[in-house]
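Undergrad: Got a predicted structure here, sequence first:
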2 protein chains.
Amino acid sequence: MVKITDVARHAGVSPSTVSYALSGKRPISEETRQRVEASIRALGYRPHAGARALATSRSNVLALVVPLRAGIHVPVVMQFAVSVVTTARGHDHDVLLLTREEGEEGLRRVADTALVDALIVMDVQLADPRLPLLRSLDRPSVLIGFPAEPAGLTCIDLDFKAAGEACVDHLARLGHRVVALVGSPPEVYVRQTAFAQRVVQGFTAAADQGRLASSVHPCEASPAAARAVAEQLLREQPALTGVVVHNEAILEPLIDAFEELGLQVPGDLSVTAICPDELAESLRVPVTSIALPSGEVGARAVELLVKKLGGKAVPEATLLAPRMTERGSTARRAVA
Amino acid sequence: MVKITDVARHAGVSPSTVSYALSGKRPISEETRQRVEASIRALGYRPHAGARALATSRSNVLALVVPLRAGIHVPVVMQFAVSVVTTARGHDHDVLLLTREEGEEGLRRVADTALVDALIVMDVQLADPRLPLLRSLDRPSVLIGFPAEPAGLTCIDLDFKAAGEACVDHLARLGHRVVALVGSPPEVYVRQTAFAQRVVQGFTAAADQGRLASSVHPCEASPAAARAVAEQLLREQPALTGVVVHNEAILEPLIDAFEELGLQVPGDLSVTAICPDELAESLRVPVTSIALPSGEVGARAVELLVKKLGGKAVPEATLLAPRMTERGSTARRAVA
DNA sequence: ATGAAAGCGCTAACAT
DNA sequence: ATGTTAGCGCTTTCAT
């Protein structure tokens, strides 16, 4: 292994000069900088990550904790992870992948051993058991999603409440008076995952304010469950003309079920969703939707973390405004 | 930060005793071990990862290079990654996530800086530009997939050739005489991704040997493309009764298209696939399939790597035998 | 503008 | 069975 002293000898300078030439933390004459850089290339020198971490107490590694449980749409997690890695690399950091299964002990481990400088935690629940730990850790973190008590933590997410509202407002503007929210699987609500709750809040609030009749229906991630919900809605809410779907897995089967039950989308029923744009675009009936901007959230999360690592203050809460794209699945309510 | 000398002082022993108590690399009297462990807990001591890496030249971190390109089924990648992380943790290792976009320079970087001890590379192509680098690196690696020239490398994957054969054999045994393979998007073949090619080889070889008429059809990952292929097959191969699908994204739309075109599955057409079990199970018509065992491949890859790190020899090639599960989508050919 | 040298926290000879 | 100590490779203070 070629080390900094090898480079120093080859360039005829001291190790510290090589170090400073690399970091730019003190002025180096143009001439010696050239010689040092030439030697580095000639010898193929790479600073040893562990040695550097030891000397600087910085590993330049971020931890990313991903969920892998029922009811979470996998491509969203993946896209998020990729965007975190890409953005982190742009700031000279690498990313250590942790699963949620490691629990609090896992977070403590990577933080206390100084394996990582900071942490990004996905899939935050309203009362997340990891919150006290994250508050007490000596390393900064960013949460994806908002817990019930976000004080003292840095959180970022799509503004799901606003997203729920935007869907209802869109439907109301098109003249719809009876709307339903088909949501995530029951376990997601039982777990009190924040984002699912917030959609419900926004949906309900906007419906109440606009004096729409509304109802909420959790739904398992299976075509059969989608079919069941569709049948139930037709039976119990015959006046229904607007549906908001917040469940990637059943968006397509649900629309299929409605059509098989004789309802045209958007002729008889307007459907809008909160889901990744790629999904909304790819369906047989392209769906008007609020984008789930996983890539942007990931990138912003890393940027927040890098700022915190640099000692800069960052806002505790970052809510990304919902962005709606109209596609073919919503239309003005047909007047009977 | 609490360090090993703090623990030593607190326990009234030397730092090396603490170190050895932790590693078990030399005998410690039961009594002092107790004292040391008590002190460790009392102080909440965690060895500094960087310091340890510097002293041992082992970071206990594995690199995982994931693809994120068109034509790759995301859940498979994710499941693989999770299984790698879980298995690695079982061997006291962590996982650094790299995207393929970092290229050879990225691999060289994490290897030469000693950030990682070893590498797992997914989505290997027949003539992968990273192969020479991986051969020359001073750190062990395991490839997921087989390049054209695997000599000197450790590779593991499902035996895709055998999988292609098994599908044809299954169909042949049911009396089918004209079969088609609906494969991955064209770009996957153009890129010469090994596994796609091998399915074609196995499919074709088995068909030729069994004297079945056969044809191969790449297919984009869109319902429209699936529909087009279905129509083309009916038009050009009216005698077709058996289809092998190797393309997760279009398995469901393709079956839908066949049925819309008036073909019952499995009454008129037997369909078998190479795909994750969860997908095959979840369809309206559960599909007879060869499992894509991402979890097992990930776990085995880590185990191979850990063995290599331990200085043990491992086989260059590991081919996982295909495992077929019969579900509702294949049946004996109806005799006209 | 550059060099010398003292750590960073841990492990593993080399003692005893 | 345990202690002493010399590094591991790098950064950064302190000199000059």
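TA: Yes, it's here.

Undergrad: make it CA atoms for all contacts and neighbour counts henceforth
TA: OK.

Undergrad: What spatial separation is found between the residue in the stretch 151-300 of chain A positioned nearest to DNA strand D and residue B:263?
TA: Residue of the stretch 151-300 of chain A nearest DNA strand D, by C-alpha to the nearest atom of the strand: residue A:299 (26.1 Å). Distance, residue A:299 to residue B:263, using C-alpha to C-alpha, to the nearest Å: 47 Å.

Undergrad: Ok, residue A:189 next?
TA: On the measure of C-alpha to C-alpha, residue A:189 and residue B:263 end up 41 Å apart.

Undergrad: neighbours around the residue lying closest to residue A:264 once chain neighbours are set aside, how many?
TA: Excluding its sequence neighbours, the residue lying closest to residue A:264 (C-alpha to C-alpha, 6 or more residues apart in numbering or on different chains) is residue A:258, at 7.3 Å. Applying other C-alpha atoms under 10 Å in any protein chain shown, we find 21 residues neighbouring residue A:258.

Undergrad: Residue A:258 against residue A:228, yeah?
TA: No - the criterion here is C-alpha atoms under 8 Å, and residue A:258 misses it with residue A:228 at 10.3 Å.

Undergrad: Can you tell me which helices and strands the lowest-mean-pLDDT helix or strand in chain A packs against?
TA: Every helix and strand in chain A was compared by mean pLDDT, DSSP states H and E; the lowest is helix A:186-190, with a mean of 75. On a contact count with 3 or more C-alpha pairs under 8 Å, 6 or more residues apart in numbering or on different chains; DSSP states H and E, helix A:186-190 meets helix A:194-209.

Undergrad: What lies in contact with the helix or strand hosting residue A:8?
TA: Taking DSSP states H and E as the definition, residue A:8 sits inside helix A:4-11. Residues outside helix A:4-11 that contact it (C-alpha atoms under 8 Å, 6 or more residues apart in numbering or on different chains) are A:14-15, A:17-19, A:35-36, A:38-40, A:43, A:45, A:47.

Undergrad: Turn these into JSON lines, including pLDDT and secondary structure.
TA: What follows is these, written out as JSON lines (pLDDT from 0 to 100; DSSP: H, G, I helix; E, B strand; the rest coil):
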{"residue": "A:14", "pLDDT": "97", "secondary structure": "coil"}
{"residue": "A:15", "pLDDT": "97", "secondary structure": "helix"}
{"residue": "A:17", "pLDDT": "98", "secondary structure": "helix"}
{"residue": "A:18", "pLDDT": "98", "secondary structure": "helix"}
{"residue": "A:19", "pLDDT": "98", "secondary structure": "helix"}
{"residue": "A:35", "pLDDT": "97", "secondary structure": "helix"}
{"residue": "A:36", "pLDDT": "98", "secondary structure": "helix"}
{"residue": "A:38", "pLDDT": "98", "secondary structure": "helix"}
{"residue": "A:39", "pLDDT": "98", "secondary structure": "helix"}
{"residue": "A:40", "pLDDT": "98", "secondary structure": "helix"}
{"residue": "A:43", "pLDDT": "98", "secondary structure": "helix"}
{"residue": "A:45", "pLDDT": "98", "secondary structure": "coil"}
{"residue": "A:47", "pLDDT": "98", "secondary structure": "coil"}
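
Undergrad: per-residue pLDDT, the residue nearest to residue A:264?
TA: Reported pLDDT at residue A:258 in the predicted model: 96.

Undergrad: And the contacts of the helix or strand containing it?
TA: Element membership for residue A:258 (DSSP H and E) is helix A:251-260. Helix A:251-260 is touched from outside by A:223, A:226, A:227, A:230, A:231, A:245, A:264, A:265, A:273, A:283, with contacts defined as C-alpha under 8 Å, 6+ apart.

Undergrad: For the stretch 151-300 of chain A, give me the ranges with low pLDDT.
TA: A:190-192 (pLDDT under 70).

Undergrad: could you dump the least confident helix or strand of chain A to CSV, C-alpha only?
TA: Taking Å, rounded to 0.1, in the frame of the first residue of the first chain, the C-alpha atoms of helix A:186-190 are listed here in CSV:
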residue,chain,number,x,y,z
PRO,A,186,-54.6,-1.2,7.7
GLU,A,187,-51.3,-2.1,9.3
VAL,A,188,-49.8,1.2,8.1
TYR,A,189,-52.4,3.1,10.1
VAL,A,190,-52.2,0.8,13.1
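
Undergrad: Okay, buried residues for that helix please.
TA: A:188, A:189 (16 or more other C-alpha atoms under 10 Å in any protein chain shown).

Undergrad: Next: stretch A:81-92.
TA: Buried residues in stretch A:81-92 (16+ other C-alpha under 10 Å): A:81, A:82, A:83, A:84, A:85, A:86, A:87, A:88, A:89.

Undergrad: swap in stretch A:269-281?
TA: A:269, A:270, A:271, A:272, A:273, A:274, A:275, A:276, A:277, A:279, A:280, A:281.
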